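Colleague: Whatever this is, show me its structure:
(2 chains)
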Protein chains: 2
Amino acid sequence: MRTYKVTGMTCGGCEKSVTRAIKKQLGDDTTVEADSKTGEVRVDASADPQMVVFAIDGAGYKVEEVKD
Amino acid sequence: MRTYKVTGMTCGGCEKSVTRAIKKQLGDDTTVEADSKTGEVRVDASADPQMVVFAIDGAGYKVEEVKD
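Modeller: Now for the predicted structure:
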């Protein structure tokens, strides 16, 4: 899994929104774990980070950092 | 303004997310008012409804109804 530091997620609805946006972009079988408390989104390491950042950005949240 | 009934917005973060996603798609000068309490998003009537629905959907929220 790769970890994306994301700002702007403040509730469970935000977590779901980010999760759905990523799955829509990269496929429903992509593993996504979004946590609004830590501000971290963990995604399959096999998912193209550029596509993931694009999806999160398109959902209206900001990616601060990508950690392998 | 045109009103979009949207499910899934549960906090201010969700409102911001939807607002940003629409502005990103349709331009920063688009007027957008998202209200998680009523589940309504109001957008400039001049904005193409198909584009607005696409943006909301891409942000991970579901449009139930569009009212003129």
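
Colleague: Verify the contact between A:Val43 and A:Arg2 for me.
Modeller: Yes: using CB atoms under 8 Å, A:Val43 is in contact with A:Arg2, at 5.7 Å. (Glycine included, C-beta is placed from N, CA and C.)

Colleague: Is the spatially most central residue of chain A within a helix or a strand, and which one?
Modeller: Centroid check for chain A by CA atoms, centre = their mean gives A:Val41 as the closest residue, at 4.5 Å. Taking DSSP states H and E as the definition, one finds A:Val41 inside strand A:40-43.

Colleague: does that strand come close to chain B?
Modeller: No: using CB under 8 Å from any CB of the partner chain, strand A:40-43 never reaches chain B; the gap is at least 12.2 Å.

Colleague: pull the CA atoms of that strand into CSV?
Modeller: What follows is strand A:40-43 as a C-alpha-only set of coordinates in CSV (Å, rounded to 0.1, in the frame of the first residue of the first chain):
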residue,chain,number,x,y,z
GLU,A,40,-4.3,9.5,5.3
VAL,A,41,-5.5,7.6,2.3
ARG,A,42,-3.9,4.3,1.7
VAL,A,43,-4.1,2.8,-1.8
